[in-house]
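A.B. asks: What would the 3D arrangement of this be:
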Amino acid sequence: MTVASLILALPPRVEDAILRDVVDAGHAVLARVTGAQEVVAAVRAASASPLHLVIAAGAATLDRVVLAELDARGARAVAVASSEADRRNAQALGHHEVVDEGASWREIEELLLTVRPATGDRAPSGVRREDAIASHLAGDAPDGGAHRPQGDRARLPAGPIRSRSPRRRGDAEDDGLAQLGGEVPPTASTRAALIGDAGSGARRRRSWRRWGSVRRPRVPAPLRSVPREPKEGLGERPPGKVVAVWGPQGAPGRTTTALAIAGEIAAAGRSVVLVDADVHGGTVAATLGLLDEAPGFAAACRLAAADSLTEAELERVAQHHPSTRAPGFAVLTGISRPDRWPELAEGRVSAVLRACRDWRDHTVVDVAFNLEDDEEISSDMFAPRRNAATHAVLRGADHVVAVVSADTVGLSRFFRSYVQLLEIVDPSRVSVVVNRVRPSAGGWDAAGQVRRTLFRFGSVEAAAFVPEDREALDAAVLAGATLRDIAPRSPALVEWSRFTRSTLLPPEDASRRMRRDARAARRGSLRRGAAHAGEDASGPLRL
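C.D. replies: This is a model prediction of the structure:
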C-alpha cells in the first residue's frame, strides 16, 4: 500500500467526511489549511516527496498561483467541487482531476495515486494543465514562481500546523498532527486524535452551514409585472420600445441572445413580446418547445394587411411562454419553412411592430442575418423583397443588438457585415454583444483579445462579453425553457442580465428596488418620528 503525504485544503464538512478513511488508509496528513495563500505556504514548507493535495475547487482556494506552485513542486492534486461554479473554475484553469463533493475517499485515492508526480524542477507529466485561462477567473500571474530557487521561498514555522477551526481549551488535538518538514506516519494516538477531531468537527463548526467558500454571482430577483400607465396629462399610454437582435451569418447566437433579453426584461417587471422575424426560417418556437404549425408572426402580418390587427387579435395569435422563476412573456413564432418568406412583406412587418408597441412595453425581434438590398439584384422594382422585413425591423427599432461570435471566423464575418448594418442603422442605436467567449477559441484572456481586435480593426467597443456556458444552454433547450429557469446562476445569464438592465431598460427600472427600499425607510422614519412626538406630548410640561 502506498502511503501518501497529504495536505488537505477542504471545507470542514468535506474534510470531516473523508478524514476517518484517510487515517484508516495509513496516509500522513502534513497540514490542514484553507485559502490559496495558506496552500502555497504549506506546499513550500513541506519537504516530503512525493507530495499530494486534496484541495477545494473554488476560486478562493484553487487559482493560477496555486497551480504554478504545484507544478514547480511536482505535487499531485485532486480538486473537490462543491458546486457547478467550482467545476467551471477548475476547468477554466486547466485542472482536470476533479471529483464531486460526495465522492468517497476510495475514488479520490485512486485518482490521486494513479500517476506518481515527478520530483525536482521538472514539471510532472501526470499533472495536466492548459495555458488558456479565462480572464475573469485568472488572478495575478506569479512572478516567476515556477522557477524560483528553494532558498527564496518563505517557509512556515517549524511548529505544528494550526487547525482552521477555533479550538477549545483542553483539546489535545495538536499532539497527533504531523510537523511540516518531514513525513510522519500516523500512530495509534494520531489516528485517535484525528478521528476524534472529525467527530467533534460538526459540533464545533455549526457556522459552516453555507455550501462552498465562493459566492457565485446571481442575477437580480424578478419583479412582478405592473400595468402600463398613461403619460401625465395625456390619455394615451407611452409607446413601447422595439429591440432588434441581429448578427452575421454562421449562427453567432442571435436567437439565444433574443431569448435571454426577453426573459430578463420580463424579470424586470416589464411586459414583453418576443417576435421571430427571421425570413430564412425561425428557431424561437423550437428552442422554447412551442408549436409552430401556425406561425403567429405570419398570422399577425396577414391581419395587418387586412387592417384588422388589434390587441385582442395579437393575444389570440400569440403564444405565452410561462416561467417558473420570473414572469412569462408572449411569443409570435416565425415561419417554419424558408419558402414562406413572401408572407412577411415590408409594410406588414412595420404595421405589426407598431401594433406591438401599443400592446407591450418592449418588443424583442429576432431578425435574419442577410442585409443585402434585393433591389440591386432584381429587375422588377415592385416585386416583394426577401430582405425587406429585416430592413424594416432594423430601421424601426429603437435599439439594435449586434451579436458577434468570439472566434476568428465569427469576427471576420462580423466586420464584413457590420459595415452594411451601419448603412441602415445609426451607430448610436447599436450595441455590440460578444457571445461565446471562451479560452479555447480566444486564447489567454479571451475577452481582452476580442476587445482589442474589435477596436483595432473596426473601432468597435463591445457592451457585453458573454462567457460560454454550453451545458446550461443545452439543458435549457432540452427543457424548452429560458436560461433563468434552468441555471439562474449561469455566468452567461449574469452577463446578459447586466447588459439588459444597464443598456436596454430605462434608468427607473434599474433602480426600482432602490426606490422601494427608500420608500420603506422613509415610512419607518416617519413612524419613529411620530412615536417620538407622542413621547414628547405625554411627558411633563416644561416651563
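
A.B. asks: Not counting stretch 321-333 itself, show me its contacts.
C.D. replies: By C-beta atoms under 8 Å, 6 or more residues apart in numbering, the residues outside stretch 321-333 that reach it are 222, 224-225, 262-263, 265-267, 269, 271-276, 282, 284-285, 288, 290-292, 295-297, 300, 314-315, 317-320, 352, 360, 481-482, 484-485, 488. Using the backbone N, CA and C atoms, a C-beta is placed for each residue, glycine as well.

A.B. asks: residues contacting the nearest residue to Asn370 once chain neighbours are set aside?
C.D. replies: Nearest residue to Asn370 in three dimensions, chain neighbours excluded: Asn387, at 5.3 Å (C-beta to C-beta, 6 or more residues apart in numbering). For Asn387, the contact set (C-beta under 8 Å, 6+ apart) comprises 279, 368, 370-374.

A.B. asks: make it 10 Å
C.D. replies: Asn387 sits next to 279-280, 341, 346, 367-375 when contact means C-beta atoms under 10 Å, 6 or more residues apart in numbering.

A.B. asks: pLDDT at it, what is it?
C.D. replies: Predicted confidence (pLDDT) for Asn387: 90.

A.B. asks: how about low-confidence regions in the stretch 151-300 of the chain?
C.D. replies: Within the stretch 151-300 of the chain, the stretches with pLDDT under 70 are 151-218, 221, 223-236.

A.B. asks: three-state assignment of Leu371?
C.D. replies: coil (DSSP: H, G, I helix; E, B strand; the rest coil).

A.B. asks: I'd say it and His391 touch.
C.D. replies: Yes: under the criterion of C-beta atoms under 10 Å, Leu371 makes contact with His391 at 7.5 Å.

A.B. asks: okay, and the common contacts of these two?
C.D. replies: Common contacts of Leu371 and His391, defined by C-beta under 10 Å, 6+ apart, comprise 424-425.

A.B. asks: which element is Ala31 on?
C.D. replies: Assigning secondary structure by DSSP states H and E places Ala31 in strand 28-32.

A.B. asks: got the CA positions of that strand in CSV?
C.D. replies: Presented in CSV, the C-alpha positions along strand 28-32 are these (Å, rounded to 0.1, in the frame of the first residue of the first chain):
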residue,chain,number,x,y,z
ALA,A,28,0.2,11.1,6.7
VAL,A,29,-1.7,14.4,7.0
LEU,A,30,1.0,17.1,6.9
ALA,A,31,-1.3,20.2,7.1
ARG,A,32,-4.9,21.2,7.1
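
A.B. asks: what are the pairing partners of that strand, and which direction each?
C.D. replies: strand 5-9 (parallel) (DSSP bridges).

A.B. asks: domains of the chain?
C.D. replies: Domain ranges of the chain: 5-204, 241-515, per automatic domain parsing.

A.B. asks: Could you tell me the least trusted of the ones you listed?
C.D. replies: Set side by side, the domains of the chain differ in mean pLDDT, and domain 5-204 is lowest with a mean of 66.

A.B. asks: Just the helices from the stretch 401-543 of the chain, written as ranges.
C.D. replies: 408-424, 439-442, 446-458, 470-479, 483-486, 491-499, 507-510, 512-538 (DSSP state H, counting those that start in this stretch).

A.B. asks: and stretch 239-252, C-alpha only, in PDB?
C.D. replies: Taking C-alpha atoms only, stretch 239-252 is exported to PDB below (Å, rounded to 0.1, in the frame of the first residue of the first chain):
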ATOM      1  CA  PRO A 239     -45.400  53.600 -26.900                       C
ATOM      2  CA  GLY A 240     -43.300  50.600 -26.200                       C
ATOM      3  CA  LYS A 241     -39.700  50.100 -27.200                       C
ATOM      4  CA  VAL A 242     -38.500  47.800 -30.100                       C
ATOM      5  CA  VAL A 243     -35.200  46.000 -29.700                       C
ATOM      6  CA  ALA A 244     -33.800  44.200 -32.800                       C
ATOM      7  CA  VAL A 245     -31.300  41.400 -32.300                       C
ATOM      8  CA  TRP A 246     -29.100  40.900 -35.400                       C
ATOM      9  CA  GLY A 247     -25.900  39.000 -36.200                       C
ATOM     10  CA  PRO A 248     -23.900  37.900 -39.200                       C
ATOM     11  CA  GLN A 249     -24.200  34.500 -40.800                       C
ATOM     12  CA  GLY A 250     -22.800  31.500 -39.100                       C
ATOM     13  CA  ALA A 251     -25.100  31.200 -36.000                       C
ATOM     14  CA  PRO A 252     -23.400  33.700 -33.600                       C
END
